[in-house]
Structure formats: C-alpha cells, structure tokens
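J.: What follows is a protein structure lacking sequence information:
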C-alpha cells in the first residue's frame, strides 16, 4: 500500500473535517447542519472530479507506458480541457438552484441560507478543484507520488491556518470556513499545475481537431467511473434526508460522522488502489490462486484495521465529543457511531476491494451495480427502520448494518468470480 497515497487522501479529506471542527465551536447546530446539507452537493461534484481524474490517470499512464510522451501530453491537455468544460457547465447550470436543492433535501429555511452562504464561495470553485485533481493524476501517472502528496498537504495546511483566523479572528463564521476552503483549493491547483507545466512539462499544444477526436473517448471512459462514484453521494443524500425528518441536531450529528468517516477509513481507499494492480497483473497472468489470496489477505487486513480503529475510537469518544463541542442528540449520534457502527465498517474495506476486483477482472459493471445496491437497497430499508425505532442513532447504525451486509455479499461474489476463473467457469462466459 502506498503511504504517500494515504497521506494525500488524509490531507484532502482533512480540509472538510477541519472546517467542521472549528465551526462546531460557534455553538450553533444550524451551522453544522448547513455543512451537512452543503456536503451532499459537494460530494456529488467531487465524484465527477474523481471520475475525470481516474480517466486522466488511466489514459496518460497507458501512453507513458507505451513510451509515447507526446501523445500523453496531448491527452493530458485534452482531458484537462474536457474536465474544465464539464465543471464550468455544472456550475453555470446548478448555481441558481442551490437553495432549492438544500430545501428539497429537507433543510429548514435558516439552515438552507447558511448552507448557501458556504456554497456561494466553494461551489463556483469546482472547476479549480477539478484542475487540481486532474493535474494531480498526471503527476501520479508519472510516478511522482511524493510531489502529488505534497500538493494535498499544502492545501490542508493553508486551510488549517486560515480557518481560525477567518472564522474567529475576523468573525466571519461559516463564510470564513468557505473562504479558507477556497484558498486551500487554489493552493492545491497552483501546486499541481506548477508540477505539470514547469516540473514535468506535461501539457501539449491545444489543437481543435485532435481534441474533438479524443473528447468523446475521454467522456466514454469517465462515465462508468463517475457513475460508480456517484453511488456514495446518493446514499449520503438519503441519510441526510432521513436525518432532516428527525431534527436539525440529527443532521448536525450525521454531518460530523460524514467528515470523520473518510479520514478514519482513508486506509481503505488506498487499499483498493493498492490491490487493484495486484489483482489485475495476476488475473492477466492467469494466476487465479494469487487473485483469491489477494482477496483473502485484504479482508483480513480490513478486519484487523477495523478492530484497532474501534478500540481507539472507543477510548477517544469523550475527546471527540469535546473536539466537536457536541451535546444532546449530536453527542449521542457520535457515540452510536463509535460504539456500534464502526465494528460493522470493516465491510467498507470488503466493498472497496470487491470493486477493485471487478474492475481488474474486466467486469466494471459489477462494481457499479455493487456500489448502487449498497447505497440504495443497502440504505433505504435500514435507515428507515432504524430511524423509526431509534431516531438519529438508529439511522447511523442502520446505515452501517446495510453496508455490512452488502459489502460482504459483494466481496463473496467477487471472490467466487475469481474461483470460477480458476476452474475455467467464468461467470457470464462460455467455457
């Protein structure tokens, strides 16, 4: 597993977590709830950015591997252009509807207005974030993992420094957090573009004819990965909507959990990225026994990591509650996550590894289906029953339980698929 990849992810997720930690000390649950609603929309746009960066990484690395540097440069230029056009179009189309979207998710008028005061700074910066993530993918394709990590760390550092100054020093509240996040995104994009243009000289000359010829293939490549990543924000939106039916405090509690989770489980994101090439190489070499062993080793690691994390979170629950200035229902939701939900999240690692397996065994449609199943059928009945009987705490536990079931079903199916190949009986193919 790449340590630089994990650190980079921690830095990226840490930006949003830092915002919430400082804002929680303003003592207003409406502000934390507003961050929860805003986070749903930003998560959707982030999924698009991830899909485009995956396309960048795959296409550019393939051409670099073929020793065709000029073609790699041209593709990098084309993908950055496509990414910018998509991001700018989304900002133009969605900006007039931001407040309505917050209200449709269940926000009160007060909370929706607070969410809008954050989004009016951060949402228009979506093209900047796309530039940062796509440029970062170019740097990773070149094998410069340390520089790619440094970009993320620089952005996180800017956010940590500016948050208290703007939120408390200038008394700007949620808008101060938004400006700090904007500055962090600008920093990441600046470092990334500098590395791509000045350090590695990886942008080619833009020409319309080659661009139009490649644009459709770029979009076709990015759509499946984007759809797969879209599933998680769908689940997040469903949880937020259900929490909004309970109370604003419940939304605030789930907002805290949604910021803790990606930081606590960043290792799983890196795990899926690490095992993917291993599965792919052994699958290509028809060493299906090694593919199966990779699955087994991954699930063992996921379970051990989850147990260790659970023990740490149990011990630090009072500190976490104090860190977020949580009280009442907000504190109870944090406790429910630490006490009951975390042990079930080992299935998150199982799901990520299963999806990496599907993709590298040439069955990406199964990865998309598995993600959407987890975030629809694995969410709706569980959070509705949990919420009906146990309130906000029940929603958190129900969401984790649905993930446990769907994660291990997906993992078992991926491992079964590898065994079918081992015995020359691939699923969906003739012998």
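T.: Yep, it's here. Only a predicted model underlies this, so the values are computations on that prediction, with no experimental measurement involved. Numbers count the residues shown, from 1 in each chain.

J.: So for the host helix or strand of residue 119, mean pLDDT?
T.: Taking DSSP states H and E as the criterion, residue 119 maps to helix 109-122. In this model, helix 109-122 has a mean pLDDT of 98.

J.: In terms of secondary structure, what does the following helix or strand past it contact?
T.: Going down the chain from helix 109-122, the next helix or strand is helix 126-141, by DSSP H and E. Applying 3 or more C-beta pairs under 8 Å, 6 or more residues apart in numbering; DSSP states H and E, one finds that helix 126-141 contacts helix 29-65, helix 69-94, helix 145-164, helix 173-194. Every residue, glycine included, has its C-beta placed from N, CA and C.

J.: Mind listing what's buried along helix 126-141?
T.: With burial defined by 16 or more other C-beta atoms under 10 Å, the residues of helix 126-141 counted as buried are 126-141.

J.: contacts for the helix holding residue 119?
T.: 30-31, 33-35, 37-38, 41-42, 98-99, 102-103, 107, 174-175, 177-179, 181-182, 185, 248, 251 (C-beta atoms under 8 Å, 6 or more residues apart in numbering).

J.: From these, list just the buried residues.
T.: In terms of neighbour count (16+ other C-beta under 10 Å), the buried residues within the contacts of helix 109-122 are 30-31, 33-35, 37-38, 41-42, 98-99, 102, 107, 174-175, 177-179, 181-182, 185, 248, 251.

J.: that older thread, I'd like the helices and strands packed on helix 126-141 laid out as TSV, including mean pLDDT.
T.: As requested, the helices and strands packed on helix 126-141 are exported to TSV (pLDDT from 0 to 100):
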stretch	mean pLDDT
helix 29-65	90
helix 69-94	95
helix 145-164	93
helix 173-194	96
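
J.: So which of the ones you listed is nearest residue 207?
T.: Residue 207 lies closest, by C-beta to C-beta, to one member of these: helix 69-94, at 8.1 Å.

J.: Buried residues, that closest one. List them.
T.: 71-84, 86-87, 90, 94.

J.: right, and the helix or strand after that helix?
T.: helix 98-104.

J.: on contacts alone, who are the packing partners of that next one?
T.: Using 3+ C-beta pairs under 8 Å, 6+ apart: helix 98-104 touches helix 29-65, helix 109-122.

J.: roughly how far apart are residue 66 and residue 376?
T.: 39 Å (C-beta to C-beta, to the nearest Å).

J.: Neighbour count for the two, which is higher?
T.: residue 376 (16 against 10; other C-beta atoms under 10 Å).

J.: Now do the helix or strand encompassing residue 255 and helix 109-122, the angle between them.
T.: According to DSSP H and E, residue 255 maps onto helix 248-264. Orientation check (axes from the mean of the first three to the mean of the last three C-alpha atoms, to 10 degrees): helix 248-264 against helix 109-122 gives 30 degrees.

J.: now helix 248-264: mean pLDDT?
T.: 96.

J.: distance between the longest helix anywhere in the chain and the chain's centre?
T.: Longest helix in the chain by number of residues (criterion: DSSP state H): helix 380-422. Using C-alpha atoms, centre = their mean, to the nearest Å, the distance from the centre of helix 380-422 to the centre of the chain it belongs to is 18 Å.

J.: which helices and strands sit right next to that helix?
T.: By 3+ C-beta pairs under 8 Å, 6+ apart, helix 380-422 packs against helix 208-246, helix 248-264, helix 288-323, helix 329-336, helix 346-360, helix 364-374.

J.: so which of those helices gets nearest residue 389?
T.: helix 208-246 (11.9 Å).

J.: hang on, the earlier thing: can you tell which of the helices and strands packed on helix 98-104 is closest to residue 234?
T.: Once those are compared by C-beta to C-beta, helix 29-65 is nearest, at 8.5 Å.

J.: Please identify the buried residues of that closest one?
T.: Buried residues in helix 29-65, counting neighbours by 16+ other C-beta under 10 Å, are found at 29-57, 59-61, 63-64.
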